[in-house]
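K.L.:
Any chance you can model this:
(2 chains)
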Protein chains: 2
Amino acid sequence: MTSPVPDPSPELLQRALAVRQAAGQLAQTSDAERQAALEAMAVALEQASEEILAANAADRQAAEADGLPAALAARLVLDGPKLAAAVAGVRQVAALSDPLGQRQLHTELDQGLVLERITVPLGVVGVIFEARPDALVQIAALAVRSGNGALLKGGREARRSCAAIHAALQQGLAASAVSPQVLDLLTTREESLALLKLDGLVDLIIPRGSNALVRFIQDNTRLPVLGHADGICHLYVDAEADGGEALKVALDSKLQYPAACNAIETLLVHRAIAADFLPLAVAAFAAAGVELRGDAGACALGVPLPASEEDWGTEYSDLVLAVKLVDDLEAALAHIARYGSRHTEAICTANPATAEQFLGAVDSAGVFANCSTRFADGFRYGLGAEVGISTQTLPPRGPVGLEGLITYRYRLRGHGQIVADYARGDQRFLHRPLPL
Amino acid sequence: MTSPVPDPSPELLQRALAVRQAAGQLAQTSDAERQAALEAMAVALEQASEEILAANAADRQAAEADGLPAALAARLVLDGPKLAAAVAGVRQVAALSDPLGQRQLHTELDQGLVLERITVPLGVVGVIFEARPDALVQIAALAVRSGNGALLKGGREARRSCAAIHAALQQGLAASAVSPQVLDLLTTREESLALLKLDGLVDLIIPRGSNALVRFIQDNTRLPVLGHADGICHLYVDAEADGGEALKVALDSKLQYPAACNAIETLLVHRAIAADFLPLAVAAFAAAGVELRGDAGACALGVPLPASEEDWGTEYSDLVLAVKLVDDLEAALAHIARYGSRHTEAICTANPATAEQFLGAVDSAGVFANCSTRFADGFRYGLGAEVGISTQTLPPRGPVGLEGLITYRYRLRGHGQIVADYARGDQRFLHRPLPL
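P.N.:
Residues are numbered from 1 along each chain as shown, chains lettered A, B, ... in the order given. Model (predicted):
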């Protein structure tokens, strides 16, 4: 099997091993020690703010000279207010309750043989992010809070900003109980590619960037990847919807941030309400600059452009929306099952039974009734901080908070018990639940 | 990228889609309906026992004619008592508490905007098992209990047994609220390979077979795989161990079932106790027919064969054990970190502080003090039924019960709320926890 991913260099292996060893120490620090480490990181960022802003100015200058696309250049910007917000974010993560050391299961297997399941850090995460340098601050805070080491790789265009931020974070950690070695910054493209092959040294890859980046990573690593490639979200306007409310929800779901993965790409409208609802919706979306593409029924009611088969499976991430008429709830569910990416789907209906049918039948990470798909977000869900959004079926799925950076471990404490005694029937298991 | 895995045929895609659709219905059945379906499966197996045993006899005859290796032929056997045990297993799975519809999170995001997180089935699992036909019964019961469809592929040598069992299971389901289409049996090698490419139709692959099978599958699918390739487990005998107890635990950890993944492959002995402990251990293991391979220190104390570097990273799955002397706990931990597969490790020590240090520092799925590594098992842990054992870092890890077949979904019920109001600050989130 040929692969575009190079093998890790001995130097990278050495660095990854150093992070892993430092992470092993970090995993055994107390809640208070990790909170203090985050405070030290925040203070160090504040103290280094001049250097960081200067480095970012240099990155932006270089980006302009290189003719970087405007969208990318905008994401590169780290000014005073953005840096202050990032520092405030570090303190917010510090204030989250400790995700480690939680007992999830506690069972007396037999007298003097007690099993427990305890939350522990994953170990080391590999994070690849594009442009946005404040992502480095956020992910470093989440990693240290959850007891994980991190190998971090920012975009080439942000390399001066990332280096300045990383230096500050390490300076902060040096004044804490946590080794600065838990955070290493990769700088070359070869390193970030080889990161995908650090089996046994890295436990999870978190890509924060374009769909193309995520898909490339998913195709080129055996390590688990937390992320989502597609977000093809649907809003279904039922026959019994309140038209005004449905239009408000539809507009927000598309327009509040069209490039977001939880924005809708397809609007499904029940045929019985279409003649009332759709002309108003067409006018409102047109006024907002959204290009509508519809099936024959939708076009007959004013949608200006015809949709092709391809449209139903496309994430536009832009001011484009596909519109389709459906005969009933079943048809809406069938369309979603066929074309959806299991991210987030919503229904608007005044009929509670229909809402519950929809909530029960759609197998996406988020299923909503009578509210905007844009609520699918870790902060809005109240998770405190977000590692990413996952569209995989297995947990963690949907918006993922700190729990995406932890796992658990079974601990069994005995007094010389052996299995042969139980296999022979000389001893029997109690399996008595103990208090958590 | 070339791949040994063929693309799914249109016929296989059609069948997988049928399973997926049937699974969608199954996901919405009640606890009682799924329990009744399992009882119907159990009854149908009992009624078809004559046909099943005859089919198994034919498989065994063919295996003998084909000169199948003895170990494989032994696993093929399904006699009356084994079938009765498998049927009893179906009823045990039916009696487990419902894994579906559990509310894990319940938050009032704002007035009239309520979020909940509910357990739901994965969807469809693809199960590939070798030889042992009773595995088909067990996995079918677990799949239906947890609301999942299953594409099942047994070993070629067990094809008559599997067909007879599958026919009985479908007959049983036909008399229940669950469609027989939730269980499909694949029969050709091409189908089982193409199963690995059913992205979007299959949510999890569960391989039940040799390390080579698991590794091949992990290397050839983008679907998540629940399983373990390696089980290189260690027992560390500390300076302050009770020698007699440690020897008993060591013998059980190796001998109670040497081919199991949770049997130890390496014994680490603190240098301070080695002169007392090792000669007794060497004699006991030799008497049990175990071949010992040691480092220089171990050989000086009676281990007959020298170990090579390769031994420390080998899963023998046989009556072979590597032995190494270590200077202290740190050295034992370093050896485990370097060569272990993060499956299960144990310490024997009478010093509780040392035990806790070990329990805190080893990052395997199971970490044990003063008991046999062979306890690492879903039934012994009290999980009721086991889907498999996972050595990945992310949950589910270790022995995995029904929770390996479920995931969760966020449901949000509102009254027309849109994100723009919160982004503008006109509305604020409450994030008030509600009772589960």
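K.L.:
For the stretch 101-250 of chain A, which residues score under the pLDDT cut-off?
P.N.:
Filtered on pLDDT under 70, the stretch 101-250 of chain A yields the residue ranges A:229.
K.L.:
Residue numbers of it in contact with chain B?
P.N.:
Residues of the stretch 101-250 of chain A found near chain B (Cβ under 8 Å from any Cβ of the partner chain) are A:107, A:109, A:113, A:115, A:120, A:122-123, A:203-204, A:218-219, A:222, A:224, A:242, A:245, A:248-249. Any C-beta I mention is one placed from the backbone N, CA and C, and that applies to glycine too.
K.L.:
now the helices for the stretch 1-150 of chain A?
P.N.:
Applying DSSP state H, counting those that start in this stretch to the stretch 1-150 of chain A gives helices spanning A:10-26, A:31-47, A:49-65, A:70-76, A:80-95, A:134-145.
K.L.:
Can you pull the domain assignment for chain A?
P.N.:
Per automatic domain parsing, the structural domains of chain A span A:10-219, A:233-375.
K.L.:
With mean neighbour count as extra columns, can I get those domains in JSON lines?
P.N.:
Shown next, in JSON lines, are these (neighbours: other Cβ atoms under 10 Å in any protein chain shown):
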{"stretch": "domain A:10-219", "mean neighbour count": "20"}
{"stretch": "domain A:233-375", "mean neighbour count": "21"}
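K.L.:
Using TSV, lay out these together with distance to B:A174.
P.N.:
Formatted as TSV, the domains of chain A follow (distance: least, Cβ to Cβ, whole Å):
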stretch	distance to B:A174
domain A:10-219	38
domain A:233-375	24
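K.L.:
What residue in the stretch 251-400 of chain A comes nearest to chain B?
P.N.:
A:C371 (3.0 Å; Cβ to the nearest Cβ).
K.L.:
Contacts only, for that residue.
P.N.:
A:249, A:346, B:113, B:412-418 (Cβ atoms under 8 Å, 6 or more residues apart in numbering or on different chains).
K.L.:
what's the next secondary structure element after the helix or strand A:G244 falls within?
P.N.:
In this assignment (DSSP states H and E), A:G244 forms part of helix A:243-255. Scanning forward in sequence from helix A:243-255 by DSSP H and E, the next helix or strand is strand A:264-270.
K.L.:
ok and the following helix or strand past that next one relative to helix A:243-255, angle-wise?
P.N.:
Later in the chain than strand A:264-270, the nearest helix or strand by DSSP H and E is helix A:271-287. Note on geometry: by axes from the mean of the first three to the mean of the last three Cα atoms, to 10 degrees, helix A:271-287 and helix A:243-255 are set 50 degrees apart in direction.
K.L.:
Is chain B within reach of helix A:271-287?
P.N.:
No. Helix A:271-287 lies apart from chain B when judged by Cβ under 8 Å from any Cβ; the minimum separation is 13.2 Å.
K.L.:
where does A:T2 land on pLDDT?
P.N.:
pLDDT recorded at A:T2 is 48.
K.L.:
Pull the contacting residues for the residue lying closest to the residue of the stretch 251-400 of chain A closest to chain B once chain neighbours are set aside.
P.N.:
Spatial nearest neighbour of A:C371, excluding adjacent residues (Cβ to Cβ, 6 or more residues apart in numbering or on different chains): B:G414 at 3.0 Å. Applying Cβ under 8 Å, 6+ apart to B:G414 gives the contacts A:368-371, A:375, B:112-114.
K.L.:
looking at this, A:A346 is in a strand?
P.N.:
Yes. Counting by DSSP: H, G, I helix; E, B strand; the rest coil, A:A346 is located in a strand.
K.L.:
My understanding was that it contacts A:A250; is that so?
P.N.:
No. When contacts are counted by Cβ atoms under 8 Å, A:A346 is not listed as touching A:A250 (9.2 Å).
K.L.:
what residues do those two have in common as contacts?
P.N.:
Common neighbours of A:A346 and A:A250 (Cβ under 8 Å, 6+ apart) are A:235, A:264.
K.L.:
re earlier: quick check: angle from the helix holding A:G244 to strand A:344-348?
P.N.:
160 degrees.
K.L.:
For the residue nearest in space to the middle of chain A, give me its contacts.
P.N.:
Nearest to the geometric centre of chain A sits A:G388, at 1.1 Å (Cα atoms, centre = their mean). Taking Cβ under 8 Å, 6+ apart as the criterion, A:G388 is in contact with A:206, A:208, A:226-228, A:400, A:404.
K.L.:
tell me the pLDDT at it?
P.N.:
On the pLDDT scale, A:G388 gets 85.
K.L.:
Equivalent analysis for the one 4 residues further on, please.
P.N.:
With respect to pLDDT, A:Q392 has a value of 87.
K.L.:
what's the burial count for it?
P.N.:
21 (other Cβ atoms under 10 Å in any protein chain shown).
K.L.:
Repeat that for the one 3 residues further on.
P.N.:
A:P395 is flanked by 22 other residues according to other Cβ under 10 Å.
K.L.:
Would you mind writing the CA trace of stretch A:326-343 as PDB?
P.N.:
The C-alpha coordinates for stretch A:326-343 follow below in PDB (Å, rounded to 0.1, in the frame of the first residue of the first chain):
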ATOM      1  CA  VAL A 326     -42.100  16.000   0.300                       C
ATOM      2  CA  ASP A 327     -45.500  14.200   0.600                       C
ATOM      3  CA  ASP A 328     -45.200  13.300   4.200                       C
ATOM      4  CA  LEU A 329     -43.000  12.800   7.200                       C
ATOM      5  CA  GLU A 330     -41.900   9.400   5.900                       C
ATOM      6  CA  ALA A 331     -40.600  10.900   2.700                       C
ATOM      7  CA  ALA A 332     -38.700  13.500   4.700                       C
ATOM      8  CA  LEU A 333     -37.200  10.800   6.900                       C
ATOM      9  CA  ALA A 334     -36.200   8.800   3.800                       C
ATOM     10  CA  HIS A 335     -34.600  11.800   2.200                       C
ATOM     11  CA  ILE A 336     -32.600  12.500   5.300                       C
ATOM     12  CA  ALA A 337     -31.500   8.800   5.700                       C
ATOM     13  CA  ARG A 338     -30.300   8.800   2.100                       C
ATOM     14  CA  TYR A 339     -28.500  12.200   1.800                       C
ATOM     15  CA  GLY A 340     -27.800  13.300   5.400                       C
ATOM     16  CA  SER A 341     -24.400  13.100   7.100                       C
ATOM     17  CA  ARG A 342     -26.000  12.300  10.500                       C
ATOM     18  CA  HIS A 343     -24.900  15.700  11.900                       C
END
